[in-house]
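Undergrad: model the following, please.
(one chain, ligands or ions: 2)
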Amino acid sequence: MSNQVQEQSSEQSRAEKEARTERENHATRSLIDDVARILIDAEAIQERVKELGRYIDEMYAGKDLLLISVLKGSVIFMADLLRAISIPHEIDFMATSSYGASTESSGVVRIIKDLNQPIEGRHVLIVEDIIDSGHTLSYLTRILEARNPASLRIVTLLDKPERREVELDVDWVGFSIPNEFVIGYGLDYNELYRNLPFIGVLKPEVYTETQEESCHQPKEKPSPEQPSPESSEPASE
Ligand code: IMP
Ligand code: MG
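TA: Ligands and ions are numbered 1, 2, ... in the order given. Below is the predicted model of the structure:
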């Protein structure tokens with residue numbers, strides 16, 4: 001083996017080991033210990049989701065309804081919301097990623113998973129976890145409008161109105177929240193905390209630790225003070 005090949009393979013095994021250690025740290029971690037406070041508890045979420053389900057039942061009675069969940073953050077909300085809806089409907093999923101800081105203001109979003117079907121003439125309801133700057137949904141609604149649905153509406157579990165950078169018509173909001181980075185009920189920080197049943201705020205040291213910890217932390221992850229889904233790498237939210 002040449003020196004170069006040897007170096008490459010030891011570099012590779014070091015990287016694999018680091019990745020394994022990180023996965024093990026994740027596995028043994030108590031997620032709840034990282035939570036500074038609960039912003040919205042599980043019961044309040046469930047009540048509000050049932051209420052939203054009733055509004056949707058009324059609005060779409062007798063109509064051909066298609067729910068579209070934007071991966072990954074909205075999966076938990078989607079799963080609960082669709083069971084709170086009693087009228088017949090179908091579901092589909094989309095995944096997007098955002099480009100880096102230079103294109104942030106233009107709100108360029110890339111579709112990395114599109115719908116499995118045309119939506120022309122159908123009543124489409126986008127199901128989102130949280131609206132922050134509004135860029136993701138502003139772009140997505142433009143794309144979907146061009147496909148001529150009978151109607152296009154948005155339901156989001158959370159909204160941070162203070163952070164809005166583009167105007168967006170949101171039809172139903174579960175909860176308006178202050179400008180704080182939140183996790184749980186589908187929402188993540190560094191891909192963790194999605195399984196917590198409530199919406200919570202993380203302890204500041206969690207961000208500090210992950211930032212200091214290592215160089216292989218994904219650069220695109222939002223910091224708590226400046227939550228941003230913008231990423232130079234394609235990664236679904
Ligand atoms: P927007 O394009 O800025 O509206 O981005 C919305 C997306 O950013 C959401 O769908 C989330 O994936 C992510 N995001 C924004 N704020 C938070 C947060 O507080 N916690 C977790 N993810 C967030
Ligand atoms: Mg989302």
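Undergrad: quick one: neighbours of the residue lying closest to Leu168 once chain neighbours are set aside, just the number.
TA: Sequence neighbours aside, Gly134 is the residue nearest to Leu168 in space, at 4.3 Å (criterion: CB to CB, 6 or more residues apart in numbering). The C-beta positions use only the backbone N, C-alpha and C, and glycine is treated the same way. Look at Gly134: counted by other CB atoms under 10 Å, it has 20 neighbours.
Undergrad: could you check how far Gly134 is from ligand 1?
TA: Gly134 sits 5 Å away from ligand 1, going by CB to the nearest ligand atom, to the nearest Å.
Undergrad: helices of this protein, start to end?
TA: 3-28, 42-60, 75-84, 135-145, 204-213 (DSSP state H).
Undergrad: got the end-to-end distance for stretch 57-75?
TA: The first residue of stretch 57-75 is 20 Å away from its last residue (CA to CA, to the nearest Å).
Undergrad: now do stretch 189-207
TA: 9 Å.
Undergrad: could you see whether ligand 1 lies near that stretch?
TA: No - using CB under 6 Å from any ligand atom, stretch 189-207 stays clear of ligand 1, with a minimum separation of 6.7 Å.
Undergrad: so which bits of that stretch are buried?
TA: Buried residues in stretch 189-207, counting neighbours by 16 or more other CB atoms under 10 Å, are found at Tyr189, Leu192, Tyr193, Arg194, Leu196, Phe198, Ile199, Gly200, Val201, Leu202, Val206, Tyr207.
Undergrad: thought Val166 was touching Ile131?
TA: No - judged on CB atoms under 8 Å, Val166 makes no contact with Ile131 at a distance of 10.2 Å.
Undergrad: higher neighbour count, the two?
TA: Shown here are Val166 and Ile131; by other CB under 10 Å, Ile131 has more neighbours (23 against 13).
Undergrad: near ligand 1, which residues of this protein are found?
TA: 73, 128-136, 181-183, 187, 227, 229, 237.
Undergrad: for the residue nearest in space to the middle of the chain, what are its contacts?
TA: The centre of the chain sits closest to Gly73, judged by CA atoms, centre = their mean, with a distance of 2.9 Å. Gly73 makes contact with Glu128, Asp129, Ile130, Gly186, Leu187, Asp188, Arg194, Glu237, according to CB atoms under 8 Å, 6 or more residues apart in numbering.
Undergrad: find the nearest non-adjacent residue to the closest residue to ligand 2 within the chain, please.
TA: Relative to ligand 2, the nearest point of the chain is Gly73 (3.7 Å; CB to the ion). Excluding the flanking residues, the one nearest Gly73 by CB to CB, 6+ apart is Asp129, at 3.6 Å.
Undergrad: hmm, the one you found is touching Asp159, no?
TA: No - look at Asp129 against Asp159 with CB under 8 Å: they stay out of range, at 10.4 Å.
Undergrad: so the two - more neighbours on which side?
TA: Asp129 (26 against 21).
Undergrad: list the contacts for that one?
TA: Val70, Gly73, Ser74, Phe77, Thr156, Leu157, Leu158, Tyr185, Gly186, Leu187.
Undergrad: let's see 7 Å
TA: With contact set as CB atoms under 7 Å, 6 or more residues apart in numbering, Asp129 has these partners: Gly73, Ser74, Phe77, Leu157, Leu158, Gly186, Leu187.
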